[in-house]
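Enquirer: structural data only, the sequence is not supplied:
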């Protein structure tokens, strides 16, 4: 399973766009990139998942360059409630593969007023 | 609200005791995974159950064991508790193997004294 590297922490202000970049140099052909959000004393929550190029949903966008060795989670116009830890994970999506999620230490995003 | 329910929410045990944690998966999900999250760390994969069979295990000793029932609910049992077992224990359910979209419960906070 590919290892991921992301910043330990980031600061932002309300209303700004936040981009969190994750490095996964050893990503395999069958790996997908997934981001989770976790608030204190709660379980992680799925945000977005992608394989290549760009994926957008109602919460965030995920940008993946052609070489797939990194990815960027983009949160538009953050609010105080977006203060959380954000985890980048890569995993094999093939049927039958054990979908154990390998979490790193994540990025603590602190949004200030 | 993910539909994944864990009980109890908090628990205090003495070193050497045994503990059983419970998880009700989201309706229709046949795969349950358990994670241990120490303070300030990302969740660590313990094991996964798929259709009542263990389907993958992380780097945890045999005193960590589990069960999955026909209704896909699950138990995590830990014997001979150690102080380092103090952590947030998370249950995640998903639909089948080969997907990294998992739905987490709120967790059980276990304190071993």
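Expert: Sure, I can see it. Here the structure is a predicted model, which means the values were calculated and not measured.

Enquirer: residue closest to the middle of chain B?
Expert: Chain B has residue B:34 as the residue nearest its centroid, 3.1 Å off, counting by C-alpha atoms, centre = their mean.

Enquirer: could you find the closest non-adjacent residue to that residue?
Expert: Nearest non-adjacent residue to residue B:34, counting by C-beta to C-beta, 6 or more residues apart in numbering or on different chains: residue B:46, 4.3 Å away. For glycine as for every other residue, the C-beta is placed from the backbone atoms N, C-alpha and C.

Enquirer: repeat that for residue A:39.
Expert: residue A:84 (5.1 Å).

Enquirer: wait, the one you found sits on residue A:36?
Expert: No - counting by C-beta atoms under 8 Å, residue A:84 stays clear of residue A:36, with 9.6 Å between them.

Enquirer: looking at those two, which is more packed in?
Expert: Neighbours per residue (other C-beta atoms under 10 Å in any protein chain shown) separate residue A:84 from residue A:36, with residue A:36 holding more: 26 against 21.

Enquirer: which residue does chain A have closest to chain B?
Expert: residue A:43 (2.8 Å; C-beta to the nearest C-beta).

Enquirer: where does that residue land on pLDDT?
Expert: pLDDT for residue A:43: 93.

Enquirer: surely it touches residue B:109?
Expert: No - using C-beta under 8 Å, residue A:43 is not in contact with residue B:109, being 11.8 Å away.

Enquirer: between these two, which has more neighbouring residues?
Expert: Taking neighbours as other C-beta under 10 Å, residue A:43 and residue B:109 compare with residue A:43 leading, 23 against 16.

Enquirer: now the more buried one, nearest residue through space, not along the chain?
Expert: Nearest residue to residue A:43 in three dimensions, chain neighbours excluded: residue B:104, at 2.8 Å (C-beta to C-beta, 6+ apart).

Enquirer: swap in residue B:60?
Expert: Among residues not flanking residue B:60 along the chain, residue B:46 sits closest, at 5.1 Å (C-beta to C-beta, 6+ apart).

Enquirer: now find how far off-centre the lowest-mean-pLDDT helix or strand in chain B is within its chain.
Expert: When the helices and strands of chain B are scored by mean pLDDT, DSSP states H and E, strand B:53-57 comes last with a mean of 89. Strand B:53-57 has its C-alpha centroid displaced from the chain centroid by 12 Å (C-alpha atoms, centre = their mean, to the nearest Å).
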